[in-house]
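>>> next one to model:
(chains A and B)
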Amino acid sequence: MSYDFSALLIILLPLFCFILLAVFGKKINPKLSGIIGSVTIALTAILSVYVAYCYFFEIGKQGEAYVRHISYQFQWLKFNENLSIDLGIVLDPISVMMLFVITFVSAMVNIYSLIYMHDEERFRMYYAYLSLFTFSMLGLVVAVNIFQMYIFWELVGVSSFLLIGFYFTKPSAIAAAKKAFIVTRFADLGFLIGILMLSYGAKTLDFFTLIERLTQVGSPYLTSFVSTSFLGLSTLSWALLLVFIGGAGKSAMFPLHIWLPDAMEGPTPVSALIHAATMVVAGVYLVARLFPVFAISAPDALHIIAYIGAFTALFAAIIACTQTDIKRVLAYSTISQIAFMMFALGVAGWGEGKAEGFTASMFHLFTHAFFKALLFLGAGAVIHAVHSNEMDDMGGLRKAMPITHITFLLACLAIAGFPPFAGFFSKEAILYSASQSNTLVYYVGLLTSGITSFYMFRLYFKIFWNKESHHHTHNHEKGQWAMNIPLILLAVGAVFAGFIPFGSYVSADGINLQFPFHLGFSIAPVAFGIIGLAIAAALYKEEKGLPDELATTFGNLYQWAYHKFYIDEVYAFVTKKVLFNLVGRPAAWFDRNVVDGMINGSASITGFVSFEIKGMQSGRLQTYTMFFLGGILLIAAMLVMKFM
Amino acid sequence: MEQVPLSHVLVLSTALFFLGVYGFFSRRNLVTMLMSVELMLNSININFVAFNKYLYPHQLEGLFFTLFIITIAAAEVSLAIAIIINLYRKFKTIDIDDTQTMKY
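Numbering: from 1, shown residues only, chains lettered A, B, ... in the order given. Predicted coordinates:
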């Protein structure tokens, strides 16, 4: 089978699966629909391994560098001679890498859900939505055109909305789905304006033409774009920042992160797929896609991204330390890790010795997908057994769930960055590139990786150690192969993914990039990790009052972090008190009184006048004739006046 | 033979016309009102004939118009009588004051 056709199949199979399940699925046995979904996605995962193999080892390389390969492209919507929206499939290192990550994690989640969701009433629709999501996400990463990306971007938003609100009988799930949709949609407004500005400046929507036109020094497009500036940033920087706002919305960067923790209302496998491994990295992917433009033409925008990323990483990590809902801890951990990827891009530059951040970011995206999906699926297994999301209901589960315990531990070690697990390598790469260009960001990253280690092991000890479990002594995992196999496969990824020489395959300019490996450099991050682990072990390995005492000691800080720094309340204040009162109410008043008033007024004037004059319609023939005569006499008088 | 001057004829026709108008507005009986309308039409006929004779004795337009008006008046009378008969059948009266149902 040809390699282009395989790439096409990867995109289209999930779509067919969605159509089959959603439209013609009534006749399919619900159990079978799960199998259909899982097999289809597993097939795409195999195909994507094949495509990745072909790309990286056979056709991708031309000379020294990996070049992009357009598998398919056709014109979909033409505006004029120079501007059209094309749909197509592009294969380059990052999109091939993403294809693999998405299909693999999606396949794991599909298989896992066979057990996890088995007694759901809408099992078939669940699989349909999963397929729809996988299709949209794959379409997003292979986009050849910024508008194609936008289309799939919104599709991803819709399927995320559907999946978060899957338990639509729960009011909190509905609220979470709405919140996710509105916040990301609001951010997408920035993305859309950014697209319009970029396409206006570059006179194209095609990614590669756009990148080419906006990175060549002296090109007329670039010159006119950077010549105007606003508030000290060039128009191009503003356009890219607006695009970044869209990415920040999807990737839950501060201050648009508020939807992600609430999105945990969805089924846990969905959180693993969408809110850990794939959709939330779409923002990172977007910045990576436009990276040459950012790095060459608008480094100031990149700096802003670096600071936002670093701040979000620390901010989310602090909140994660105080949450008690295990999925929320993982949600904040996701925000923090994505922020790592974001600031890794932010500290990167263009050229020899500067672009490590790009590779580091993609590397972390790759490894993070494994261990974070693993953490979510492990948490799902725990929730499945305990029927609660709260840490305090757990504890001592290591005997009842040995496989979950071991895989969860591996994932924690990976995310905390202990060698030789996957997270160690990617986090080292990120911290290294940060230390090369921005010391402040480096120290924030270092501190955050220590905190990461603390909150992950807090989670681990609270679930599997702490108190001895009373009612969970028997093994919960027997016969649940469909839940255990994905855990084991992902754990393999979480342990070994770091050994891939990632820089040889994925780099900003496609040329082999080797990370200099200093043993000395690794000491600080690992030491921070060990300190975090040690504190967590001391506090949470056995049940004691120390954590509560610490919480009281830190008092305000703890309360602030526990309440997520009141960001939700700030939003509620801004929307409910400020926007509703200052914009919403006046607008409603204007609508009711002025707009409606004009319509109602004209109607009531007509009604009043006709009520007043209807007496003239008396039904007396002679009265009518009198008016007629009066009119005739008037005309006669006027004629007489005129001719006299 | 000394002719009657034009102004006399016009005074006659004006008097007839306003008699018709007065009759139309003051009577309540539909047949009388119809008669008043006929009076007005005939006063116009007198005008036409008079102007034709006094001003353009060699032409015939005025006479033709008169013939037209008489024809139309005949048609109009037949229509009006039909309406009045129908009205009578419905209301058992032809008094205009009792037949005012076509109003607001």
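>>> which other residues reach stretch A:226-236?
Outside stretch A:226-236, the residues within contact range by Cβ atoms under 8 Å, 6 or more residues apart in numbering or on different chains are A:197, A:201, A:214, A:222, A:225, A:238, A:241, A:293, A:297-298, A:300-301. Heads up, the C-betas are built off the backbone N, CA and C, glycines and all.
>>> list the buried residues for that stretch?
Of the residues in stretch A:226-236, A:226, A:233-236 count as buried by neighbour count, 16 or more other Cβ atoms under 10 Å in any protein chain shown.
>>> ok, back up a step: buried subset of the contacts of stretch A:226-236, written for ChimeraX?
The ChimeraX command for the buried members of the contacts of stretch A:226-236 (criterion: 16+ other Cβ under 10 Å) is given here:
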select /A:197,201,214,222,225,238,241,293,297,298,300,301
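>>> looking at the contacts of stretch A:226-236, spot the one nearest residue A:93.
Among these, residue A:293 lies closest to residue A:93 (Cβ to Cβ), at 17.5 Å.
>>> which two of the buried residues of stretch A:226-236 have the greatest separation?
Across the buried residues of stretch A:226-236, the longest distance by Cβ to Cβ is 9.9 Å; it joins A:226 and A:233.
>>> contacts only, for the residue nearest the centre of chain A.
When Cα atoms, centre = their mean is applied to chain A, the residue found nearest the centroid is residue A:280 (2.6 Å). Residue A:280 makes contact with A:250-252, A:260, A:274, A:334, A:338 under the criterion Cβ under 8 Å, 6+ apart.
>>> give me the spatial nearest neighbour of the closest residue to chain A within chain B, chain neighbours excluded.
Closest approach between chain B and chain A, counting by Cβ to the nearest Cβ: residue B:103, at 3.0 Å. Residue nearest to residue B:103 in three dimensions, not counting chain neighbours: residue A:619, with 3.0 Å by Cβ to Cβ, 6 or more residues apart in numbering or on different chains.
>>> state the number of residues packed around residue 8.
Unless you meant another one, I'm taking chain A. 15 (other Cβ atoms under 10 Å in any protein chain shown).
>>> hm, I was asking about chain B
Look at residue B:8: counted by other Cβ under 10 Å, it has 11 neighbours.
>>> secondary structure class for it?
helix (DSSP: H, G, I helix; E, B strand; the rest coil).
>>> do you know how far it is from residue B:21?
Note on residue B:8: its distance to residue B:21, by Cβ to Cβ, to the nearest Å, is 21 Å.
>>> tell me which helix or strand residue 46 sits in.
Here I'm looking at chain A. If you go by DSSP states H and E, residue A:46 is part of helix A:30-54.
>>> let's do chain B instead
Per DSSP H and E, residue B:46 falls inside helix B:30-55.
>>> please work out the average pLDDT along that helix.
For helix B:30-55, the mean pLDDT works out to 92.
>>> and the following helix or strand past that helix, what other elements does it pack with?
Counting by DSSP H and E, the element after helix B:30-55 in chain order, helix or strand, is helix B:61-91. Judged by 3 or more Cβ pairs under 8 Å, 6 or more residues apart in numbering or on different chains; DSSP states H and E, the packing partners of helix B:61-91 are helix B:30-55.
>>> residues of the stretch 501-644 of chain A that sit close to chain B?
A:614-615, A:617-622, A:625-626, A:629 (Cβ under 8 Å from any Cβ of the partner chain).
>>> what does the average pLDDT come to for stretch B:64-73?
For stretch B:64-73, the mean pLDDT works out to 94.
>>> between helix A:30-54 and the top strand by length along chain A, find me the angle.
Taking DSSP state E as the assignment, the strand of chain A that covers the most residues is strand A:69-78. Here strand A:69-78 runs at an angle of 120 degrees relative to helix A:30-54 (axes from the mean of the first three to the mean of the last three Cα atoms, to 10 degrees).
>>> outside of the helix or strand just after strand A:69-78, which residues touch it?
Downstream of strand A:69-78, the next assigned helix or strand under DSSP H and E is strand A:84-91. Contacts of strand A:84-91 from elsewhere in the structure, counted by Cβ under 8 Å, 6+ apart, are A:4, A:7-8, A:11, A:51, A:55, A:60, A:68-79, A:142-145, A:147-148, A:205-208.
>>> which of these count as buried?
Buried residues within the contacts of strand A:84-91, counting neighbours by 16+ other Cβ under 10 Å: A:4, A:7, A:11, A:51, A:55, A:60, A:69, A:71-72, A:142-145, A:147-148, A:205-207.
>>> quick one on the thing from earlier: may I see the buried residues of the helix holding residue A:46?
Quick answer for helix A:30-54 (16+ other Cβ under 10 Å): A:30, A:33-34, A:36-38, A:40-45, A:47-48, A:51-52, A:54.
>>> and that helix, what does it pack onto?
If contacts are counted by 3+ Cβ pairs under 8 Å, 6+ apart, helix A:30-54 sits against helix A:3-23, helix A:93-116, helix A:123-141.
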